[in-house]
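Enquirer: Take this sequence and fold it.
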Amino acid sequence: MGTATPGRANGAAAPWVPVLIATFGMQVAVSIAAQALPVAAPLLTLEAGLRPEAVGYLISATHLGAALYLLVGGPVIPRFGAVRALQAGAVAAGIALLLSASGLVPALFLGAFLLGLGTGPTTPAGSSVLARTVPPEHRTLIFSVKQAGAPLGGFLAGLLLPTVALAGGWQAALLVAAAMVFVAPPLVQRLRPSLDGDRNPALRIGPRALFTLGNLASPFASLRSHTALLPLCALSVSLGVVQGCLLAFTVTFLVTAHGFGLGEAGLVFAALQVGGFLARIFLAWLADRTRAPIPLLLAMLAVAAVAVLVFALLAGRAPLVVIVPVALLIGIGGVGWQGIALAEIARLAPPDRLANATSGASLLVFLSYVVAPFLFAALVARTGSWSLPLVLVALQAGLATLLLAPRLLREARASPILT
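Expert: This is a model prediction of the structure:
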């Protein structure tokens, strides 16, 4: 019996719309799980006997798990298939939340790390199946619609989970998020025969295969396959610092430093995610229409720099009606960029290196998610100031914009998007 052709089922071409719906839905579910810890953080850290800024260490542990998957998990998708990788990741995320709900400090950190391992396959697996099925002329928009599932999941977490936490405790919030993520894997099972038809069951997947020097180096080596990839990754890392710190600390910053209620802080967090959701769709459409994704990404980084600076300076002085639009603007600039960047990486990377290049870029971004919240928390612990690290986040974004713009704009002119 011949190997099934990706994107085909029962001899007929499978439409890309169900594939987009499936990957979008998995992104939403996993994002709800990923954002449960920072949303419940003020109550979680209090009852666990941790300092409020310790949420940064938990989030760093989460992203460390995701980075580990991206570093060594390259053979997982060709061995088991992209759909199975998405399903396994969601199950791992749900188990991680159940483990964290025990409230024991070691279990919190172990659960956070396992949560990261579960979120790791989401980007490379989703990008892999979309790259094989979507129309090239709408690649940026479709990639961004899939990635918009992340802020939508964060929006739902910001609206729903604080209410659950206030009514039933932070453990209840984690259990609700776990239940939601456990529902997702069975819903995409029907797509597996067609989309995972090219998997290689004979591929070695043990520790010796995963931790070889070649496998560890391949995501980074793939980023040298085009001259624009490394500066594009640098831009993504700067945006990752903004996204990682704001998603990790917004709720705790507002509650701890400025006396917001958990529901009010959750509303601000939801507004930040709404901005990211809208940007991932509208700005991706704009990138397709203008065929200028790199200038658009640079503009988003500049907007994020200004908005985070305003947020840091006004959060303790301005009313909620002012803070919510600022958070919306941060989301537009600092959360809505991933789909545009991933689509541009997919366009520039050679087809045989697409999955590895996506993993390499995502790995560098996840490393920024690890390091930036850790340093943020350490700076709060050292200085007692929550505003200072936010100002530094804004300044690095502004500096990155100035330093990267000349190189990236030259690369954009040298590699035009063909009509």
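Enquirer: I'd say Thr290 and Ala299 touch.
Expert: No - with contacts counted by C-beta atoms under 8 Å, Thr290 stays clear of Ala299, the gap being 11.2 Å. Backbone N, C-alpha and C define where each C-beta goes, glycine included.
Enquirer: Who has more neighbours out of those two?
Expert: Shown here are Thr290 and Ala299; by other C-beta atoms under 10 Å, Ala299 has more neighbours (15 against 11).
Enquirer: for the helix or strand hosting the more buried one, packing partners?
Expert: Assigned by DSSP states H and E, Ala299 falls within helix 293-314. Packing partners of helix 293-314 (3 or more C-beta pairs under 8 Å, 6 or more residues apart in numbering; DSSP states H and E): helix 229-252, helix 262-290, helix 320-334, helix 338-348, helix 387-414.
Enquirer: pLDDT (mean, whole number) over the last one?
Expert: Helix 387-414 carries an average pLDDT of 93.
Enquirer: residues of that helix that come out buried?
Expert: By neighbour count on 16 or more other C-beta atoms under 10 Å, the buried set for helix 387-414 is 387, 389-390, 392-394, 396-398, 400-401, 404-405, 407-408, 411-412.
Enquirer: Which of the helices and strands packed on helix 293-314 comes out lowest on mean pLDDT?
Expert: Among the helices and strands packed on helix 293-314, helix 338-348 scores lowest, at a mean of 82.
Enquirer: Report the separation between the most centrally placed residue in the chain and Val237.
Expert: Nearest to the mean C-alpha position of the chain, by C-alpha atoms, centre = their mean, lies Ala150 at 6.4 Å. Distance from Ala150 to Val237, counting by C-beta to C-beta, to the nearest Å: 17 Å.
Enquirer: Give me the three-state assignment for the residue nearest to the centre of the chain.
Expert: Taken by DSSP: H, G, I helix; E, B strand; the rest coil, the conformation at Ala150 corresponds to helix.
Enquirer: same check, this time on Arg317
Expert: Look at Arg317: counting by three-state DSSP, its state is coil.
Enquirer: Look up how far Ser387 lies from it.
Expert: Per C-beta to C-beta, Arg317 is found 11 Å from Ser387.
Enquirer: For burial, what's the neighbour tally of the spatially closest residue to Ala257 that is not a sequence neighbour?
Expert: Of all residues not flanking Ala257 in the chain, Trp386 sits nearest, at 4.2 Å (C-beta to C-beta, 6 or more residues apart in numbering). Counted with other C-beta under 10 Å, the burial measure for Trp386 works out to 22 neighbours.
Enquirer: and Trp386, what is it in contact with?
Expert: By C-beta atoms under 8 Å, 6 or more residues apart in numbering, the contact list for Trp386 reads 249, 253, 256-257, 380.
Enquirer: Out of these, who's the most crowded?
Expert: For the contacts of Trp386, the largest neighbour count, defined by other C-beta under 10 Å, is 29 neighbours, found at Phe253.
Enquirer: for it, what are its contacts?
Expert: Phe253 makes contacts with 315, 386, 390, as judged by C-beta under 8 Å, 6+ apart.
Enquirer: so which of the residues you listed comes closest to Gln338?
Expert: Nearest to Gln338 among the contacts of Phe253, counting by C-beta to C-beta, is Leu390 at 21.2 Å.
Enquirer: sorry, back to before: any chance of the helices and strands packed on helix 293-314 in JSON lines, with distance to Ala177 too?
Expert: Below are the helices and strands packed on helix 293-314 laid out as JSON lines (distance: least, C-beta to C-beta, whole Å):
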{"stretch": "helix 229-252", "distance to Ala177": "15"}
{"stretch": "helix 262-290", "distance to Ala177": "13"}
{"stretch": "helix 320-334", "distance to Ala177": "20"}
{"stretch": "helix 338-348", "distance to Ala177": "21"}
{"stretch": "helix 387-414", "distance to Ala177": "26"}
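Enquirer: tilt between the longest helix along the chain and helix 262-290?
Expert: What stands out as the longest helix in the chain, according to DSSP state H, is helix 16-48. Following axes from the mean of the first three to the mean of the last three C-alpha atoms, to 10 degrees, one obtains 150 degrees for the angle between helix 16-48 and helix 262-290.
Enquirer: where in the stretch 1-150 of the chain is pLDDT low?
Expert: The model of the stretch 1-150 of the chain has pLDDT under 70 over residues 1-15.
Enquirer: hey, where'd the helices end up in it?
Expert: With helices called from DSSP state H, counting those that start in this stretch, the stretch 1-150 of the chain shows them at 16-48, 55-72, 76-80, 82-100, 105-119, 122-133, 139-147, 149-168.
Enquirer: Give me the buried positions along the longest one.
Expert: Going back to what we said before, that points to helix 16-48. If you call a residue buried by 16+ other C-beta under 10 Å, then helix 16-48 has these buried ones: 16, 18-20, 22-45, 48.
Enquirer: Surely Leu117 and Tyr69 touch.
Expert: Yes - contact criterion C-beta under 8 Å: Leu117 and Tyr69 qualify, at 5.3 Å.
Enquirer: More neighbours: which of those two?
Expert: The neighbour count for Leu117 versus Tyr69, taken as other C-beta under 10 Å, is higher for Tyr69 (25 against 21).
Enquirer: Does the more buried one touch Thr123 like I think?
Expert: No - using C-beta under 8 Å, Tyr69 makes no contact with Thr123, being 10.1 Å away.
Enquirer: quick one: the nearest residue to Phe155 once chain neighbours are set aside and Ser31, what's the gap?
Expert: Leaving aside its sequence neighbours, Phe155 sits nearest to Gln273 (C-beta to C-beta, 6+ apart; 3.9 Å). Note on Gln273: its distance to Ser31, by C-beta to C-beta, is 9 Å.
Enquirer: which residues do the two both contact?
Expert: Shared contacts of Gln273 and Ser31, defined by C-beta under 8 Å, 6+ apart, are found at 151-154, 157.
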